[in-house]
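Chemist: After the sequence you'll find the predicted model.
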Amino acid sequence: MGGTSHRGAGREPDFLAHHEGDKVAVAVRDLSPGAAEGGYLKGASSVAVELRSEVPLGHKFTLVDIAEGEDVVEYGVRVAVATKPIAKGEYVHVHNVRSARWLNSVA
């Protein structure tokens, strides 16, 4: 990331979000509950989140509280809709979101 540190000198970020305003971020390593720090590829240089659950490498978690029926935004666009309330720092996957692409399918 161009030498920008997100967790102090020499520390790599725990997660990355694509655009400021995204509601989810992606873990860049397996993460455990507790404090996590990362940043945006486009936007603010650093953000901290208290994770509520484990988040596997490459998976998403929320940066903000998301209400049931609310859009899940990543890449600056709607990628899913919450199927139940998701608290800030919770793991985001098929158990609590429905893909925006397949929102109207019966599968």
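Modeler: Good, I have the coordinates. Just so you know, these numbers come straight off a predicted model, no measurement behind them.
Chemist: What are the contacting residues of stretch 24-31?
Modeler: Residues outside stretch 24-31 that contact it (CB atoms under 8 Å, 6 or more residues apart in numbering): 12-17, 38, 47, 49, 51, 54-63, 72-74, 79, 92. (C-beta placed from N, C-alpha, C; glycine too.)
Chemist: Of those residues, which count as buried by neighbour count?
Modeler: Applying 16 or more other CB atoms under 10 Å to these, the neighbour count classes 13-17, 38, 47, 49, 51, 55, 59-63, 72-74, 79, 92 as buried.
Chemist: any chance you could map the strands in the chain?
Modeler: Counting by DSSP state E, residue ranges of the strands within the chain are 15-19, 24-27, 34-42, 47-51, 60-62, 71-74, 77-82, 91-92, 97-99.
Chemist: Output those as JSON lines; include the columns mean pLDDT.
Modeler: Shown next, in JSON lines, are the strands of the chain (pLDDT from 0 to 100):
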{"stretch": "strand 15-19", "mean pLDDT": "94"}
{"stretch": "strand 24-27", "mean pLDDT": "97"}
{"stretch": "strand 34-42", "mean pLDDT": "93"}
{"stretch": "strand 47-51", "mean pLDDT": "96"}
{"stretch": "strand 60-62", "mean pLDDT": "97"}
{"stretch": "strand 71-74", "mean pLDDT": "95"}
{"stretch": "strand 77-82", "mean pLDDT": "95"}
{"stretch": "strand 91-92", "mean pLDDT": "97"}
{"stretch": "strand 97-99", "mean pLDDT": "92"}
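Chemist: My read is that K88 contacts V49, right?
Modeler: Yes: contact status for K88 versus V49: in contact at 6.7 Å, counting by CB atoms under 8 Å.
Chemist: Which neighbours do these two have in common?
Modeler: Shared contacts of K88 and V49, counting by CB under 8 Å, 6+ apart, come down to L63.
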